[in-house]
Every structure is written in C-alpha cells, then in structure tokens.
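[1] missing the sequence, but the structure's below:
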Ligand SMILES: O=C(O)c1ccccc1NCC(=O)[C@H](O)[C@H](O)COP(=O)(O)O
C-alpha cells in the first residue's frame, strides 16, 4: 500500500536529515521562535463560513506530474489573494516532488497560515515544520500508534502549531477524537486504489462533534463539488490538483466562497 511506501521513504530521508542537522540543534531553533495560540486557527475553521485549504502540489502518486510550470510562490500568492484560509504545501520529495524549502520561501512572503503536508512519523518533522514557518501539520491516524498520535499532537500544540488529523473510517475517527484532535480531515481518496468518492465524507460527517472542525480532503474537481460538500456541513475543503490545474485559481476560490 502506498502509505507503507511513503513511510519507508520518509524514514530513509530522516536518517540523512538528522545527520545534516541534529535534533538538538533543530529543537533549539524551533524553541526560540514565538508561539502562536493554535486555538485561533481552530476557531477560524469552525466559523460559519466555509474555509478553503488550497494546496501547492507538483505531483502525486495517483496522478504523476500535475504541474510542469511550478511557480510555487506565485501560486501561493494567488491563493492568498483569493482568500484561502490556509495553504497546504506538500513537502514530501519522493512521491510528491515537494520540498520543505518551498514552504520556507512561501512563509517569508505570504501571511496565510501554512500547513506542512507530509507524512509525519517523527517529532523531528514537527520541529522542522515550525522552523520552516508552518502554522499547521498533518498527522495521519493510519500510520501512527495512539501513543505517537497523542505525543505528536501535544508537541505540535506546545510549539503553537495546529494539527489536522487525517482519518479514513469510523475507527480512525474515534482514535483521533480520543487523543483530542480539534480538526479532523476525512480523505475522499481511497489510498488502496486511488478512487475518489465523497461517500466517505457523507458517511462519516455525523461522527465528528460540532466543536471539532471537519475537513473534506481530496477529489474536488469543480466548484459544484465544493458546494456539494458544503451541503454536507463540512467546515473546510482541501483542494489540490483542481486548483493547480485551474487557469484562474483566484476565480475558482472566490466562486467557491460565494
Ligand atoms: O494525492 C495523492 O495521490 C495521494 C496519494 C497517497 C497519499 C496521499 C495523497 N494525497 C495527499 C492529499 O492529501 C491530497 O494532496 C489533498 O487531499 C488534495 O487532493 P486533491 O485535491 O485530490 O489533489
């Protein structure tokens, strides 16, 4: 399964990264930075207005190369100007052709909160996200134990980072709620065969309490899709490929927010 491959690749990458910058140094850098209150961001997602998390995504395991012309900074600036609540930046290099430097550069110029979209399996990656300028990280229930989920969530909060906890079914949602997730993303993409269906969001929406933000992830192609998800009562929609391919990204987001 693709998640296993992603975890294996991430483990290999971390060995090298930890040699280049030992944890103790990285931690010092992260802990010297100001700490924001993640509740402000959670509350923003819980507001009655739909939130759009617009993704900067060059390639993916399901689609291969998505963006030949990948001016990630210009794209992020368009997302910001259009009113995206947050910008997700893929930093995974092997399968998504991402890079944490993309996030760093965007953070220096774009005030919109940034989600470090990666396969977090080690506290090192949470410190990296903080130092790079992220305001949010992703934790995927399927690749973490309950102990890891809880420890990583607390570590992120202690650094002022909000956490999007991704779940695929009822059992994973219950695990996310048990560790105190305040924002849960349900992936509409089946990671075994890459098919996409909003059925998952529909089926699981009622399991997430009102005070926990619900994010529908993946598979949005059109503004009409976003409107369909809005009717299900989602707080936010995470959109990658459709926005990357939209000739008028600003228009797409603005229409979706109408
Ligand atoms: O996008 C993939 O192919 C993929 C494969 C395996 C694990 C994760 C994957 N995507 C990560 C994401 O969460 C999406 O990039 C995000 O939800 C946006 O999806 P989309 O709008 O369908 O590009």
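    In hand now; what should we look at? Note that this is a predicted model, so its numbers are computed, not measured. Numbering: from 1, shown residues only.

[2] The residue in the chain positioned nearest to the ligand: what's it in contact with?
    As assessed by Cβ to the nearest ligand atom, the ligand sits closest to residue 240 within the chain, at 2.7 Å. C-betas here are computed from N, CA, C, even on glycine. For residue 240, the contact set (Cβ atoms under 8 Å, 6 or more residues apart in numbering) comprises 55, 57, 60, 66, 88, 90, 218.

[3] what do you get if the cut-off is 7 Å, keeping everything else the same?
    By Cβ atoms under 7 Å, 6 or more residues apart in numbering, the contact set of residue 240 is 55, 57.

[4] residues contacting residue 187?
    Taking Cβ under 7 Å, 6+ apart, we find residue 187 in contact with 166, 168, 217-218.

[5] now the strands: where do they sit in the stretch 51-200 of the chain?
    51-56, 59-60, 64-65, 86-90, 114-117, 136-140, 162-167, 183-187 (DSSP state E, counting those that start in this stretch).

[6] count of residues packed around the nearest residue to residue 104 once chain neighbours are set aside?
    Leaving aside its sequence neighbours, residue 104 sits nearest to residue 132 (Cβ to Cβ, 6 or more residues apart in numbering; 4.6 Å). Neighbourhood size, residue 132 [other Cβ atoms under 10 Å]: 21.

[7] ok, now residue 67?
    If you count neighbours by other Cβ under 10 Å, residue 67 ends up with 16.

[8] Likewise for the one 5 residues further on?
    With neighbours defined by other Cβ under 10 Å, the count for residue 72 comes to 21.

[9] Tell me how many other residues surround the residue lying closest to residue 198 once chain neighbours are set aside.
    Of all residues not flanking residue 198 in the chain, residue 188 sits nearest, at 5.6 Å (Cβ to Cβ, 6+ apart). Counted with other Cβ under 10 Å, residues neighbouring residue 188 total 23.

[10] pretty sure residue 139 contacts residue 165?
    Yes. If you go by Cβ atoms under 7 Å, residue 139 and residue 165 touch, sitting 5.0 Å apart.

[11] The helix or strand of the chain with the lowest mean pLDDT: which residues count as buried?
    Every helix and strand of the chain was ranked by mean pLDDT, DSSP states H and E. The lowest is helix 199-204, at a mean of 91. Residues of helix 199-204 classed as buried by neighbour count (16 or more other Cβ atoms under 10 Å): 200-202, 204.

[12] and what of stretch 60-76?
    Within stretch 60-76, the residues that qualify as buried are 60-62, 66-67, 70, 72, 75-76, counting by 16+ other Cβ under 10 Å.

[13] try stretch 205-221
    Neighbour-count burial for stretch 205-221, with 16+ other Cβ under 10 Å as criterion, is recorded at 207-208, 212-220.

[14] again with stretch 74-88
    Of all the residues in stretch 74-88, those buried under the rule 16+ other Cβ under 10 Å are 75-80, 82-88.

[15] what about that stretch, average pLDDT?
    Average pLDDT, stretch 74-88: 98.

[16] again with stretch 92-103
    Throughout stretch 92-103, pLDDT has a mean value of 98.

[17] Please state the offset of that stretch from the chain centre?
    Stretch 92-103 has its C-alpha centroid displaced from the chain centroid by 13 Å (Cα atoms, centre = their mean, to the nearest Å).

[18] hmm, it touching the ligand?
    No. For stretch 92-103, no contact with the ligand is found by Cβ under 6 Å from any ligand atom; the gap never falls below 7.2 Å.

[19] What of stretch 251-258?
    No. Stretch 251-258 lies out of reach of the ligand by Cβ under 6 Å from any ligand atom, never closer than 11.8 Å.

[20] and that stretch, how far from the chain's centre?
    On Cα atoms, centre = their mean, the centre of stretch 251-258 falls 20 Å from the chain's centre.
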